[in-house]
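**Student:** just a sequence and a predicted model for now, questions to come.
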Amino acid sequence: MGPRRKIIKTYLTLNKGGEAAKDVEPKDYMNHFSHEVLCHIFRYLPLQDIMCMECLSRKLKEAVTVYMRVVKVVDLCAGCWWEYMPTGFIDASFLTLLKKMPDLEQLYGLHPRYLERRRVRGHDAFSIPGVLEALQACPNLVGVETSHLELVEAIWNYMPQVHILGKFRNRDGAFPVPPENKLTIPIGVKIQTLHLVGVNVPEIPSIPMLRNLYLQWVRLIKPQPFKDFLCVSLRTFVMRNCAGPTNSLKYVPLVTGLASARNLEHLELVRVPFLGGLIQHVVEDSSRSGGFRNLHTIVFGACKNALEVDLGYLIITAARRLHEVRIQPSLTKDGVFSALKMAELEFPQFETLHLGYVDEFLLQCKMNNVELVKHGLADVIENPGIITDIGMKAVNEVFPCIKYLLIYNCPHLHNAHNWITDHSRWIRLVDLTLVRCHAIKLESFSQFIEMLPSLEFISLDQMFREPPKGCARVGLSAGTGIGVSSALVSNQNSNNDNDNHQNNHANVNNNNNEENDAQQERAAADLPNPVNEQRLQEAVQDGRPDNTDCNSGQNCEQSVTSMGVDEEQAGKLL
C-alpha cells in the first residue's frame with residue numbers, strides 16, 4: 001500500500017461576472033519542512049511552545065521528539081531569569097519531561113514557585129526528592145540554574161558534581177531574617193556567584209571556584225563563621241548589614257582570606273565590626289604577594305572600628321586601578337586626604353568619590369539603632385562627616401581627574417570656591433551631588449560652579465538653609481544632628497583654619513601652637529601599642545590561610561594602633 005495522498009479541498013466562489021471560481025486552500029509549509037529545519041526553528045522558541053506543538057500534527061510531533069533527543073541547553077523560563085517556571089508540574093510529569101532529553105547538559109530557569117520538602121504517598125505534588133530524581137535521570141547533566149534555597153542545598157549534598165549556573169540569589173529574603181531561610185554551604189561547592197539576602201548561614205567555608213559573594217541581611221550562626229574562609233578566585237565581596245559575631249577578632253580570618261584573593265576588584269564592607277588597624281597590618285603583610293592591589297571599588301559604611309590607616313592603606317595599595325571610593329562619615333576627615341596628598345600618588349583611573357556614605361537600608365529603615373542591635377547588627381551610631389574646606393582642597397589635589405562627586409551631610413563645609421586651586425581645577429567633573437551640606441554659602445557655591453568647565457549635572461538636596469538661633473556661634477545649621485558641645489570640640493580647630501586661610505593676617509603664635517599640637521598628635525599616633533600589637537599579630541597568624549606567609553620580620557613587627565574597645569575585647573577573648 002503506497003503512501004496516502006494529501007487531499008486538497010476546493011471551494012466554489014462567485015466572481016464579478018457571476019461565474020463559479022475555484023479557491024485552493026493555502027499550503028501547510030510547516031509540514032513540508034524537514035526535521036532538521038524544524039529543530040533549528042525550535043531553538044528560538046520557548047520550551048512551553050515547543051511542547052504544545054506535539055498535538056498539532058504527526059510531523060511536528062516527530063520533529064519535537066527528535067529535538068528533545070539532541071537538545072543540550074534548556075531554559076524553563078524562556079530567558080526571563082526573574083520569572084518562575086511554568087506551573088502545573090508534579091514529580092511524575094517533570095521526570096517524564098527530562099527523560100525525553102537524554103543529552104541535556106545545562107538546565108536554566110529551574111525556579112519553582114513552591115516545592116514540597118518530602119513526598120507524600122497518594123498525593124501528587126512537586127517535591128525536592130522528585131526534582132532530584134528527575135535531574136539524576138540526565139546522565140550528561142553539568143549545571144543547573146535555580147534560586148531555591150532547599151533545592152540548591154540538596155543538589156550540593158546529593159549531586160556534588162553539578163555546577164550551579166548563573167547567579168544564585170534566593171527570592172524570599174527579608175529583614176528581620178526569617179527563621180525558615182536556612183542554607184548550609186559545603187566546602188568546595190561548584191558555584192561562581194552566590195548572592196544571599198536574608199538567610200541564616202552557619203559559616204562561609206573555602207570555595208575555590210567562587211568569584212562573586214554578596215551577603216546582605218545574613219545571620220552567621222557559628223561563633224567563628226570565617227574560620228575556614230578562603231576564596232582564591234574571588235573578585236567581588238560585599239557584606240552589608242549582616243548579623244555576625246560581635247568580637248572584632250573573629251573577623252581576622254575574613255580579612256586575611258580576602259588578601260589571598262589576588263583578583264579581588266570590589267570590596268564593600270557595611271556595618272562590619274572588624275578590628276581597627278587589622279587591614280593596615282594585613283596589607284603590609286601581603287604587599288609582596290599583591291593583596292588588594294587590583295581593587296577597583298572600595299566601600300566603607302558604618303564600620304564601627306575602622307581607622308583612617310585602614311582606608312588609607314587600601315587606597316594607596318590600589319592606586320593604579322582604583323575607580324570608586326565611598327567613605328563612611330567617621331572617616332570623612334581632613335587627615336585622610338592630607339596623608340594621601342603627602343604620599344604623592346597618581347590615580348589615573350579614578351572617577352567617583354562619595355563622602356559621608358550611608359547605606360540606603362539605614363536611610364530608609366524605620367528601626368532605630370537599639371532595634372537593629374536586637375536583631376544582631378553591630379551597634380553603630382553615625383555622626384556627620386567632619387571634613388572642612390581644607391580637606392576638600394586636599395581632595396582636589398589628590399583626585400584631580402574625578403568625574404562624579406557626591407557629598408552627604410558634611411556640615412563643616414562653608415566656602416566651596418576655596419576647594420579649587422590654580423594647579424587643579426577638576427576639569428573633568430561631570431556630576432556633582434550635595435545633600436544636607438547646610439553651611440555652604442550660596443555666593444561661594446556660585447563661584448565654585450563657574451570654575452567647573454565640564455559640569456553637566458547638579459543635584460542639590462536640603463541645602464542653603466537659614467541657621468536657627470545659637471547655631472551661628474558654633475558654625476552649624478539646622479539638621480546637622482550634632483550637639484552644641486560636640487560641635488564646639490570638633491569644629492574649633494577647623495573654623496580657625498578656615499579663618500586663617502581666608503585672611504592673610506593670621507596670628508603667628510596660634511599657628512605655632514597648632515603645629516606643635518599636630519606634631520604631638522602624629523607622634524602619639526606613631527607610638528606602638530605593645531599589648532594590642534602582640535595580640536593582633538597572634539590573631540593574624542592564627543587566621544592566615546596556609547598558603548600565605550609574612551613578607552619579612554620587619555613588616556610583621558610594625559605597630560598597629562587600634563581603638564580602646566578592641567583592646568578590651570581582645571583582653572576578654574585572650
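**Tutor:** That came through, no problem. Residues are numbered from 1 along each chain as shown.

**Student:** okay, strands next: where are they in the stretch 251-400 of the chain?
**Tutor:** 266-270, 297-301, 324-327, 352-355 (DSSP state E, counting those that start in this stretch).

**Student:** I'd like the ones you listed as a markdown table, with mean pLDDT appended.
**Tutor:** Output for these, formatted as a markdown table (pLDDT from 0 to 100):
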| stretch | mean pLDDT |
| --- | --- |
| strand 266-270 | 97 |
| strand 297-301 | 97 |
| strand 324-327 | 97 |
| strand 352-355 | 97 |
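
**Student:** which one, of these, ends up nearest to F175?
**Tutor:** Nearest to F175 among the strands of the stretch 251-400 of the chain is strand 266-270 (13.2 Å), distances taken as C-beta to C-beta. Glycine gets a C-beta too; all of them are placed from N, C-alpha and C.

**Student:** the closest one pairs with which strands, parallel or anti?
**Tutor:** As defined by DSSP bridges, the strand partners of strand 266-270 come to strand 236-240 (parallel), strand 297-301 (parallel).

**Student:** contacts for it next, please.
**Tutor:** The contact list for strand 266-270, computed with C-beta atoms under 8 Å, 6 or more residues apart in numbering, reads 235-241, 258, 292, 295-303, 306, 314, 359.

**Student:** stretch 305-318 now?
**Tutor:** For stretch 305-318, the external contacting residues (C-beta under 8 Å, 6+ apart) are 248, 267, 269, 273-280, 283-284, 287, 291-296, 298, 300, 322, 325, 327-328, 330-331, 333, 335-336, 339-340, 343, 345, 561-563, 565-566.

**Student:** with stretch 181-194 instead?
**Tutor:** Contacts of stretch 181-194 (C-beta under 8 Å, 6+ apart): 149, 152-153, 156-157, 160-164, 166-168, 170, 172-173, 196, 198-214, 228.

**Student:** tally of neighbours for P202?
**Tutor:** 14 (other C-beta atoms under 10 Å).

**Student:** ditto for G335
**Tutor:** By other C-beta under 10 Å, neighbour count at G335 equals 18.

**Student:** how near is it to S289?
**Tutor:** From G335 across to S289, the span is 29 Å (C-beta to C-beta, to the nearest Å).

**Student:** then L213?
**Tutor:** 20 Å.

**Student:** surely P179 touches G198?
**Tutor:** No: contact criterion C-beta atoms under 8 Å: P179 and G198 do not qualify, at 10.7 Å.

**Student:** compare the two (neighbour count), which wins?
**Tutor:** G198 (17 against 8).

**Student:** who's in contact with that one?
**Tutor:** Contacts for G198 (C-beta under 8 Å, 6+ apart) come out as 170, 172-175, 177-178, 181, 216-218.

**Student:** ditto for V283
**Tutor:** When contacts are counted by C-beta under 8 Å, 6+ apart, V283 is found next to 259, 291-292, 313-314, 317.

**Student:** again, 10 Å this time
**Tutor:** V283 is in contact with 255, 259, 291-293, 309-310, 312-314, 316-318, 555, counting by C-beta atoms under 10 Å, 6 or more residues apart in numbering.

**Student:** please check those residues and keep the buried ones.
**Tutor:** Buried subset of these (neighbour count, 16 or more other C-beta atoms under 10 Å): 255, 259, 291-293, 309-310, 312-314, 317-318.

**Student:** most widely separated two among those residues?
**Tutor:** Checking the buried ones among the contacts of V283 with C-beta to C-beta, the most distant pair is R293 and V309, at 17.6 Å.

**Student:** any low-confidence regions in this protein?
**Tutor:** 1-29, 466-574 (pLDDT under 70).

**Student:** show me the residue sitting in the middle of it in space.
**Tutor:** V238 (4.0 Å; C-alpha atoms, centre = their mean).

**Student:** from T256, how far off is that one?
**Tutor:** As for V238, its distance to T256 is 18 Å (criterion: C-beta to C-beta).

**Student:** over to K250?
**Tutor:** According to C-beta to C-beta, K250 stands 12 Å off from T256.

**Student:** go on, H163?
**Tutor:** 28 Å.

**Student:** which one's more surrounded, those two?
**Tutor:** T256 (26 against 17).

**Student:** could you verify my assumption that that one touches F292?
**Tutor:** No: T256 is beyond contact range of F292, at 11.5 Å (criterion: C-beta atoms under 10 Å).

**Student:** overlap of the contact sets of these two?
**Tutor:** Common neighbours of T256 and F292 (C-beta under 10 Å, 6+ apart) are 282, 286.

**Student:** what residues are up against G376?
**Tutor:** Counting by C-beta under 10 Å, 6+ apart, G376 has contacts 176-177, 217-220, 241-246.
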